[in-house]
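J.: fold the stuff below for me.
(one chain, ligands or ions: 1)
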Amino acid sequence: MSKPEPNDTIAAGPDGLVAVLLAGGKGTRLGPLTRTEAKPAVPFAEGRLIVDFAMHNAYRSNISSMLVCTQWHPATLVAHLECNWRAGFSQGLVYRDGNRLAAPDGYRGTAHAVACNAPELEAAGTRELLVLAGDHVYDMDYRKMIAAHRAVGLPVTVAALPVPRSDASGFGVFETEGPCHARRFLEKPAEPPAMYGDPDRALISMGIYVFDWLWLRNVLGCDRPDDPNRPLDFGHDVLPAAVTRGEVSVYCFMEPATGPAPYWRDVGTLSALEHTRADFSAETRPFDLPVFPVVAGKPDERLMSPAR
Ligand SMILES: Nc1ncnc2c1ncn2[C@@H]1O[C@H](COP(=O)(O)OP(=O)(O)O[C@H]2O[C@H](CO)[C@@H](O)[C@H](O)[C@H]2O)[C@@H](O)[C@H]1O
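T.: This next block holds a predicted model:
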């Protein structure tokens, strides 16, 4: 297995886009599985780790550069990405550990993780940022969302989908006044508001964002590193204010916008992970497991071992 090269650099794609994968959370709700392991590095099925779903989506969406924010036990994750995915990212795949980059406290939240990497993103020529989480199981072509972001012209686009209202309090929830027109954003509300036209469902954030970089660097206070009021978390700090200011467009991950939701699972709890794994071991899978790009050299030995 090749060793990670922390000095590698990234350059934005021809359209100025860079992806950031947030992969540093502790994942405490996965109990023993994440005691000494990053959540995205938890095995899913047949040699795939949880992170491979987001990686495959990025790869097949022609994303050519990615910065991965790690923090909690990143060794397995970095080795896996380096071995299986580096070949798919022609403009660079780099890992930036909060323990080193933001010592002594590390990244203090998702927005802070991006802010800490602002100088490198700036140097890479970033004009748009696609922010992804490493702990979701779904099959999505981000190009459609990016195209929608450009067409609408607002500085932020958030991917969203409906879930039963009773399941929504663990997510960021949009209060909408049209099929996908957001009026308010509430991070993990005890009483999630119903989505427009459907009293039984709520429109939740999938934790996938496209940002205009100049807007984001300003909102994150990248020029004010000592400002104690800088936002730390996208869901708690950045989105509620941005939605209220009318700066956020909602990208509904479903066709048509009011139709049934596609398969998407946040596998942040043991029971969600078990159910999702069961869906993929059933005769008919929700969709195919991720496929690694062809790598010159040896395949990951995990792929040679039996499913786990
Ligand atoms: N300090 C840190 N440094 C680096 N990476 C970190 C980090 N803290 C968390 N992460 C990573 O960021 C991603 C998001 O994790 P969070 O735990 O912050 O959000 P959560 O999933 O609860 O909600 C979010 O995702 C759900 C969808 O699952 C949305 O509904 C909700 O609005 C949104 O806040 C994960 O991949 C995690 O590993």
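J.: tell me where the stretch 151-300 of the chain has strands.
T.: In the stretch 151-300 of the chain, the segments counted as strands under DSSP state E, counting those that start in this stretch are 156-164, 172-176, 182-187, 201-212, 248-252, 264-266.
J.: and Thr126, how close does it get to the ligand?
T.: Separation of Thr126 from the ligand (C-beta to the nearest ligand atom, to the nearest Å): 18 Å. Glycine gets a C-beta too; all of them are placed from N, C-alpha and C.
J.: so that residue lies in a helix, does it not?
T.: No. Secondary structure of Thr126 (DSSP: H, G, I helix; E, B strand; the rest coil): coil, not part of a helix.
J.: quick revisit: with mean pLDDT and distance to the ligand as new columns, can the strands of the stretch 151-300 of the chain be given to me in CSV?
T.: CSV is the format used below for the strands of the stretch 151-300 of the chain (pLDDT from 0 to 100; distance: least, C-beta to the nearest ligand atom, whole Å):
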stretch, mean pLDDT, distance to the ligand
strand 156-164, 95, 8
strand 172-176, 95, 2
strand 182-187, 96, 5
strand 201-212, 97, 3
strand 248-252, 95, 12
strand 264-266, 96, 4
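J.: within range of the ligand, give me the residues from the chain.
T.: Proximity of the chain to the ligand, by C-beta under 6 Å from any ligand atom, involves residues 22-25, 39, 69, 71, 98, 107, 109-110, 113, 133-135, 171-172, 187, 204-207, 234-235, 266, 268.
J.: which members of these are classed as buried?
T.: The neighbour-count test (16 or more other C-beta atoms under 10 Å) marks 22-25, 39, 69, 71, 98, 107, 109-110, 113, 133-135, 171-172, 204-207, 234-235, 266, 268 as buried among the residues of the chain next to the ligand.
J.: name whatever forms a beta bridge with Tyr209.
T.: Beta-bridge partners recorded for Tyr209 (DSSP bridges): Val131, Val158.
J.: below-threshold pLDDT in this protein: ranges please.
T.: Applying pLDDT under 70 to the chain flags residues 1-7, 256-259, 295-308.
J.: now the helices: where do they sit in it?
T.: Assigned by DSSP state H, the chain shows helices spanning 51-60, 75-84, 98-101, 110-116, 118-123, 142-152, 213-219, 239-244, 270-281.
J.: and the ones you listed as JSON lines, adding distance to Gly13?
T.: Conversion of those to JSON lines gives the following (distance: least, C-beta to C-beta, whole Å):
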{"stretch": "helix 51-60", "distance to Gly13": "11"}
{"stretch": "helix 75-84", "distance to Gly13": "18"}
{"stretch": "helix 98-101", "distance to Gly13": "23"}
{"stretch": "helix 110-116", "distance to Gly13": "18"}
{"stretch": "helix 118-123", "distance to Gly13": "13"}
{"stretch": "helix 142-152", "distance to Gly13": "10"}
{"stretch": "helix 213-219", "distance to Gly13": "13"}
{"stretch": "helix 239-244", "distance to Gly13": "24"}
{"stretch": "helix 270-281", "distance to Gly13": "31"}
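J.: coming back round to it: of the strands of the stretch 151-300 of the chain, which approaches Tyr142 most closely?
T.: strand 201-212 (7.7 Å; C-beta to C-beta).
J.: now do the closest one against strand 172-176, angle only.
T.: Strand 201-212 runs at 100 degrees relative to strand 172-176, counting by axes from the mean of the first three to the mean of the last three C-alpha atoms, to 10 degrees.
J.: and strand 201-212, what does it pack against?
T.: Contacts defined by 3 or more C-beta pairs under 8 Å, 6 or more residues apart in numbering; DSSP states H and E place strand 201-212 against strand 128-133, strand 136-138, helix 142-152, strand 156-164, strand 172-176, strand 248-252.
J.: tell me how far that strand lies from the chain's centre.
T.: 10 Å (C-alpha atoms, centre = their mean, to the nearest Å).
J.: now that strand against helix 51-60, angle please.
T.: Using the same axes, to 10 degrees: strand 201-212 against helix 51-60 is 50 degrees.
J.: for Val42, give its distance to Leu21.
T.: 15 Å (C-beta to C-beta, to the nearest Å).
J.: actually Val210, not the one I typed
T.: In terms of C-beta to C-beta, Val210 sits 14 Å off from Leu21.
J.: for Ala282, same thing?
T.: Distance from Ala282 to Leu21, by C-beta to C-beta: 28 Å.
J.: who's more crowded, these two?
T.: Leu21 (25 against 9; other C-beta atoms under 10 Å).
J.: contact partners for the more buried one?
T.: Pro40, Val51, Ala54, Met55, Ala58, Met66, Leu67, Val68, Cys69, Leu132, Ala133, Gly134 (C-beta atoms under 8 Å, 6 or more residues apart in numbering).
J.: one more: Val219?
T.: Val219 makes contact with Pro231, Val238, Ala242 under the criterion C-beta under 8 Å, 6+ apart.
J.: repeat that for Leu186.
T.: Gly172, Val173, Glu175, Pro192, Pro193, Pro240.
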